[in-house]
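Chemist: One predicted model, sequence on top.
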Amino acid sequence: MTAVASFFARRRAGLRAEAEAEAESTHAAGVETCDTPQLDLDALPEEDVLRLLDLPDPDTLKAGDDFTAFMAKTVPAYLRKRALRKLWRSNPVLACVDGLNDYDDDYLAMARDQGPFQTSYQVGKGLLKHIERIAAQSAPTEEVADAVAPVAEPVEDEVQTPDLPQPVAYAEAETEADAQSDDIPPAPRRMRFAFDEGAA
């Protein structure tokens, strides 16, 4: 009778298999790198590096040439940068970031040069253009619209403030409250509990 492997036994076997597969792949990669001699391309002159990697001179490249060969990991960084500079000069569209950087725009200029910020948002109504669009879609046909043409009221820019009551009205209210407070005894300040001793 075969024993059923527990979860932990299966997990340990899976981890061992993964470790063996990883060891084999690193060993195979190590064998491949040993076959190719390691050259320090940064120490060699530029002409020798270009000849060893079979690359053209980056300064002779024109628009439409293939620059992808310079993007390989084996190409030294200084050659890659020269090729990219030549690519950007050959096609100005590639050199333009089109305002993708956050720091390109000066947002403070708008706040300093212009007056108050204008918006179509209205409190309680939301965005005015959205409401106008919905109203235009739900409007009846032109014939009915000519018969009953609702006139849109102009939106007032000024904020209406409520009329402030006169201070005299407050004074009268206070005297009436004082007169009523003399007649009514003050409310107790503490809670009082009554227990029925006979119920226990």
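Modeler: Great, that's in hand.
Chemist: use CA for all of it now, contacts and neighbours both
Modeler: Will do.
Chemist: Buried residues of the helix or strand containing Glu47, list them for me.
Modeler: Here Glu47 is covered by helix 46-52, with elements defined by DSSP states H and E. For helix 46-52, a neighbour-count test (16 or more other Cα atoms under 10 Å) marks 49-50 as buried.
Chemist: Quick check: next helix or strand after it?
Modeler: helix 77-90.
Chemist: Just the CA atoms of that next one, as CSV, please.
Modeler: Taking Å, rounded to 0.1, in the frame of the first residue of the first chain, the C-alpha atoms of helix 77-90 are listed here in CSV:
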residue,chain,number,x,y,z
ALA,A,77,27.8,53.1,-22.8
TYR,A,78,29.8,55.8,-24.5
LEU,A,79,29.0,54.4,-28.0
ARG,A,80,25.4,53.9,-27.1
LYS,A,81,25.1,57.6,-26.0
ARG,A,82,26.8,58.8,-29.1
ALA,A,83,24.4,56.8,-31.3
LEU,A,84,21.4,58.1,-29.4
ARG,A,85,22.6,61.7,-29.7
LYS,A,86,22.9,61.2,-33.5
LEU,A,87,19.5,59.6,-33.6
TRP,A,88,17.9,62.6,-31.8
ARG,A,89,19.7,65.0,-34.1
SER,A,90,18.6,63.1,-37.2
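Chemist: Tell me which helix or strand comes right after that helix.
Modeler: Following helix 77-90 in sequence, per DSSP H and E, is helix 92-95.
Chemist: Which strands and helices lie in contact with that next one?
Modeler: Counting contacts by 3 or more Cα pairs under 8 Å, 6 or more residues apart in numbering; DSSP states H and E, helix 92-95 is packed against helix 77-90.
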